[in-house]
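>>> With the input below, show me the fold.
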Amino acid sequence: MMLLRLVPENTKINFMSVRKIAIALSAILLVASIALFAVQSLNYGIDFKGGISVEVQMEDGKAVPIDEVRQVVNDMGYVGASVREFGRQDDAMIRIERQPGDADAQGAVIQRVREELPAAIPGLTFLDGNFISPTVSEELKRDGTLAVTIAVIAVLIYIWFRFEWQFGLGAVVALVHDVLLTVGFFAVTRLEFNLSIIAAILTIIGYSLNDTVVVYDRIRENIRKFRKMPMDELINFSLNQTLSRTLMTSLTTLLALFALFFLGGPAIQGFTAAMIWGIVIGTYSSIFIASPLLLMFNLRREAMIIEDEKDDPTVDKSRPSNPFEQM
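Numbering: from 1, shown residues only. Here you go, the predicted model:
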């Protein structure tokens, strides 16, 4: 069977020759990301800082006049309100920053929008209005951070038991690298950081982990197969073996994400932007961060070699040959 390849079959790219440059570049970007976050933080959405969300809809399936709605809301005194399509063109979500006063004052804002907006724009109907209090937003921020932390710790435990501790630590360093650079990306671009971005970060962790495990699996397999090959050459050989698969997976995923970014509307642009950045960074980290770290952590091949492969529980003797493993 003929397989589509993005790179020649027997590539011999010396990835390890630039590992020090790649790690130094990543270290600079990580420091810059942390500094930006500390100095100007993120552009948190109302999920994390509290505020008011109102959903409206146009009758007869007509498109919501976004600019007109935004102007009316601004004229009401709520300057800077966000107005975006919400799912369909006849639905829109209005997000207003928390106004001075208690919960009753926020309820009065919702009621005012409910009365004045449909009166100013014929055919527009009010569907729902909610107030996210600062207490709830702080809980959401804490729970989001906790979710990402637990995911990274679970990855460390999984990789550690499946491989060796060097693999587990390398995978976690790569994941933390991806998460922090994604935070830095949002600090630079000032895109709204909300709950959907937390979902994107968790998805990026899963994608990056999958890519890293594929490479690590091939490295472990080659350690047992080529017992006298120097470790840096073996890692290069393994990366070249999996390069076509890595690029194919990344590019096909990016094609779908770019379609969503440009055609999916403003409601999901932040999510898809995070995913696009995460796919690029995740692919980079699996090649230039996770793999070189095995050399820095002094991986010992003796721990990976099983003299009698019949006693190796990780080898499936009954599995038929899979042509995709040669990619």
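
>>> Show me the strands in the protein, by range?
Counting by DSSP state E, the chain has strands at residues 43-44, 51-58, 82-86, 88-97, 124-132, 192-193.

>>> can I get those strands in TSV with mean pLDDT and distance to Phe163?
To be clear about C-beta, it is placed using only N, CA and C from the backbone, and glycine gets the same treatment. TSV is the format used below for the strands of the chain (pLDDT from 0 to 100; distance: least, C-beta to C-beta, whole Å):
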stretch	mean pLDDT	distance to Phe163
strand 43-44	85	37
strand 51-58	87	45
strand 82-86	82	44
strand 88-97	84	45
strand 124-132	85	43
strand 192-193	87	34
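
>>> residue with max distance from the center of the chain?
Within the chain, the residue lying farthest from the chain centre (C-alpha atoms, centre = their mean) is Ala119, at 41.4 Å.

>>> OK, contacts around that one?
If a contact means C-beta atoms under 8 Å, 6 or more residues apart in numbering, then Ala119 has no contacts.

>>> quick thing: my sequence starts at 28, can you match it?
Done: numbering now begins at 28, and the last item shifts to Ala146.

>>> and the strands of the chain, which is most packed in?
Most buried of these by mean neighbour count (mean count of other C-beta atoms under 10 Å) is strand 219-220; its value is a mean of 23.

>>> Just list what that strand packs against, helices and strands only.
strand 70-71 (3 or more C-beta pairs under 8 Å, 6 or more residues apart in numbering; DSSP states H and E).

>>> Return the distance of the strand it packs on from the chain's centre.
17 Å (C-alpha atoms, centre = their mean, to the nearest Å).

>>> That one pairs with which strands, parallel or anti?
Applying DSSP bridges, strand 70-71 is found paired with strand 219-220 (parallel).

>>> residues in contact with the strand it pairs with?
Strand 219-220 is contacted by residues 69-72, 75, 109, 213, 297 when judged by C-beta under 8 Å, 6+ apart.

>>> all helices of the stretch 178-327 of the chain, in order?
Ranges of helices in the stretch 178-327 of the chain, per DSSP state H, counting those that start in this stretch, are 192-216, 222-252, 258-290, 296-315, 317-323.
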